[in-house]
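**Student:** Structure, please.
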Amino acid sequence: MKPVHELLIDLIRIPSVSVLSNVPVIDYIVETLDSKTWNLYRLPYCDAAGIPKQNLLATPIWLLVYAALLPSVQNPLCVLL
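**Tutor:** Just a heads-up that it's a prediction; the model follows:
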(Lines give C-alpha, C1' and ligand atoms only; values in the text may rest on other atoms or scores of the structure.)
Protein backbone atom coordinates (compact mmCIF):
# COMPACT_ATOMS: atom_id res chain seq x y z
CA MET A 1 0.00 0.00 0.00
CA LYS A 2 1.11 3.56 -0.66
CA PRO A 3 2.23 5.77 2.22
CA VAL A 4 -0.60 7.78 3.78
CA HIS A 5 0.57 11.11 2.39
CA GLU A 6 0.44 9.71 -1.16
CA LEU A 7 -3.05 8.34 -0.60
CA LEU A 8 -4.18 11.74 0.64
CA ILE A 9 -2.65 13.48 -2.37
CA ASP A 10 -4.49 11.04 -4.67
CA LEU A 11 -7.78 11.68 -2.86
CA ILE A 12 -7.36 15.45 -3.01
CA ARG A 13 -6.84 15.25 -6.78
CA ILE A 14 -10.23 13.59 -7.35
CA PRO A 15 -12.93 16.20 -8.05
CA SER A 16 -15.48 15.82 -5.28
CA VAL A 17 -17.47 19.04 -4.92
CA SER A 18 -21.09 18.56 -3.89
CA VAL A 19 -22.54 19.12 -7.36
CA LEU A 20 -20.58 16.11 -8.65
CA SER A 21 -20.88 12.43 -7.84
CA ASN A 22 -18.58 11.16 -5.10
CA VAL A 23 -18.44 7.71 -6.73
CA PRO A 24 -14.88 8.25 -8.09
CA VAL A 25 -13.69 8.87 -4.51
CA ILE A 26 -15.43 5.71 -3.29
CA ASP A 27 -14.02 3.75 -6.24
CA TYR A 28 -10.49 4.87 -5.34
CA ILE A 29 -10.92 3.90 -1.69
CA VAL A 30 -12.38 0.48 -2.58
CA GLU A 31 -9.52 -0.18 -5.02
CA THR A 32 -6.98 0.87 -2.38
CA LEU A 33 -8.25 -1.17 0.56
CA ASP A 34 -7.40 -4.86 0.61
CA SER A 35 -10.60 -6.91 0.38
CA LYS A 36 -8.88 -9.69 2.35
CA THR A 37 -8.65 -7.45 5.41
CA TRP A 38 -11.66 -5.17 4.93
CA ASN A 39 -15.39 -5.77 4.49
CA LEU A 40 -16.60 -3.10 2.08
CA TYR A 41 -20.25 -2.18 1.60
CA ARG A 42 -21.34 0.46 -0.91
CA LEU A 43 -24.60 2.21 -0.12
CA PRO A 44 -25.73 4.01 -3.29
CA TYR A 45 -28.29 6.81 -3.36
CA CYS A 46 -29.16 9.95 -5.33
CA ASP A 47 -29.06 13.36 -3.74
CA ALA A 48 -31.89 15.92 -4.04
CA ALA A 49 -30.54 17.05 -7.42
CA GLY A 50 -30.53 13.47 -8.72
CA ILE A 51 -26.74 13.14 -8.60
CA PRO A 52 -25.64 9.55 -7.91
CA LYS A 53 -23.70 9.32 -4.67
CA GLN A 54 -22.46 6.54 -2.40
CA ASN A 55 -21.66 5.99 1.22
CA LEU A 56 -19.02 3.42 2.06
CA LEU A 57 -19.06 1.26 5.14
CA ALA A 58 -15.62 -0.28 5.65
CA THR A 59 -15.01 -2.55 8.61
CA PRO A 60 -11.90 -4.58 9.32
CA ILE A 61 -12.58 -8.30 8.96
CA TRP A 62 -11.17 -9.00 12.43
CA LEU A 63 -13.95 -6.90 13.94
CA LEU A 64 -16.66 -9.07 12.43
CA VAL A 65 -14.84 -12.25 13.44
CA TYR A 66 -14.47 -10.93 16.98
CA ALA A 67 -18.13 -9.96 17.13
CA ALA A 68 -19.21 -13.39 15.89
CA LEU A 69 -17.18 -15.19 18.56
CA LEU A 70 -18.86 -13.51 21.52
CA PRO A 71 -22.53 -13.68 22.52
CA SER A 72 -24.38 -10.50 21.57
CA VAL A 73 -25.46 -9.91 25.18
CA GLN A 74 -21.83 -9.58 26.27
CA ASN A 75 -20.58 -7.88 23.14
CA PRO A 76 -21.62 -4.27 22.51
CA LEU A 77 -19.94 -4.48 19.07
CA CYS A 78 -22.80 -6.65 17.84
CA VAL A 79 -25.17 -3.75 18.40
CA LEU A 80 -23.00 -1.51 16.25
CA LEU A 81 -22.76 -4.04 13.43
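**Student:** pLDDT below threshold where in this protein?
**Tutor:** Applying pLDDT under 70 to the chain picks out residues 64-81.
**Student:** Now do the helices in it.
**Tutor:** 4-13, 23-32, 61-69, 77-80 (DSSP state H).
**Student:** wait, K36 sits on P60?
**Tutor:** No: counting by Cβ atoms under 8 Å, K36 stays clear of P60, with 10.8 Å between them. Every C-beta, even on glycine, is put in place using the N, C-alpha and C of the backbone.
**Student:** higher neighbour count, those two?
**Tutor:** P60 (12 against 6; other Cβ atoms under 10 Å).
**Student:** Who is that one paired with across the strands?
**Tutor:** W38 (DSSP bridges).
**Student:** Tell me which residues touch it, please.
**Tutor:** Listed by Cβ atoms under 8 Å, 6 or more residues apart in numbering, the contact set of P60 reads 37-39.
**Student:** top of these by neighbour count?
**Tutor:** Of all the contacts of P60, the highest neighbour tally under other Cβ under 10 Å goes to W38, namely 16 neighbours.
**Student:** any idea how far that residue is from R13?
**Tutor:** Per Cβ to Cβ, to the nearest Å, W38 is found 22 Å from R13.
**Student:** End to end on stretch 7-23, go ahead and measure it.
**Tutor:** End-to-end distance for stretch 7-23: 17 Å, by Cα to Cα, to the nearest Å.
**Student:** Perfect, that will be all.
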